[in-house]
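Colleague: Following is a predicted model, sequence given first.
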Amino acid sequence: MDRHIQILLNRLSCASITIATFTIVLLLLHTPDTCVPRHTEPKPHQRFPTSSCDFSHRSLTSLDKKNQRLWSTKAWLKTVHSFTALFLDLQSLTHLTNHSKVLCISAGAGHEVMALHQIGVRDVTGVELLDSPPLVSRADPHNLPFFDDVFDLGFSAHLDQALFPTRFALEMERSVRVGGVSVLAVEECGDVEVREIAKLFRKSRFVSAKNVTLIGLKMTRLILRKYMLM
């Protein structure tokens, strides 16, 4: 009986090996459908690779085209328009002219930089932890790569989001020349909070504060003028 069982097991093993070998040969000889060259132009939603064997080269979208798409969106245009209104108000107060040298700190994708360009201010530098060329360069707002007293106006709408607000304020103040102004847009606040923010700027005098609407949010705009060297 044991001999018959052993013979049966040997036959099953041979059959399994034969089937496995035949299957492997078929897989090697068969070309996956996704690797067959397309003879017709695929539909837009089918232009992405469907497997690792779909290796055909695809043209990369240039930075200019990406920017043009971004800058033409309603959200982008609406945000730029909001910053434009704020800067036009600064112009009417004579804190900003077309010849001003402006620094935008924590400028994000560069909405405020574009807004300044659109109203005629050409010398604008935007910085952020991540660059967004051509509007914004990479720099740490807490350690700005600029000499002292370089800019006529420093602007930021993100002081209240800074990791180290005191360091952020001192770096902005350091980069602004004597007689220049630091302009901030922070979450809407009262007189007590305004005074606390003003204290961060040790070499500047408080000029004014005004509640404004920026990017659809209620905010408070502060202006401080630097009066002595760092």
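Modeller: Everything's here; your move.
Colleague: could you point out where the protein is predicted with low confidence?
Modeller: Regions of the chain meeting the criterion pLDDT under 70 cover residues 1-16, 20, 22, 25-59, 230.
Colleague: Can you give the domain ranges for it?
Modeller: The record's domain split for the chain, according to automatic domain parsing, is 2-37, 72-226.
Colleague: Tell me which of the ones you listed sits most buried.
Modeller: Burial of the domains of the chain is given as mean neighbour count (mean count of other CB atoms under 10 Å); domain 72-226 ranks first at a mean of 17. (Glycine included, C-beta is placed from N, CA and C.)
Colleague: Residue 100: helix or strand, and which one exactly?
Modeller: Using DSSP states H and E, residue 100 maps to neither a helix nor a strand.
Colleague: My understanding was that it contacts residue 153; is that so?
Modeller: Yes. Under the criterion of CB atoms under 8 Å, residue 100 makes contact with residue 153 at 5.3 Å.
Colleague: quick revisit: select, out of the domains of the chain, the one closest to residue 65.
Modeller: Closest to residue 65 of the domains of the chain, according to CB to CB: domain 72-226, at 10.9 Å.
Colleague: Could you tell me the end-to-end distance of that closest one?
Modeller: Distance between the two ends of domain 72-226: 37 Å, counting by CA to CA, to the nearest Å.
Colleague: and residue 169, which of the three is it?
Modeller: Assigned state for residue 169: helix (three-state reduction, DSSP: H, G, I helix; E, B strand; the rest coil).
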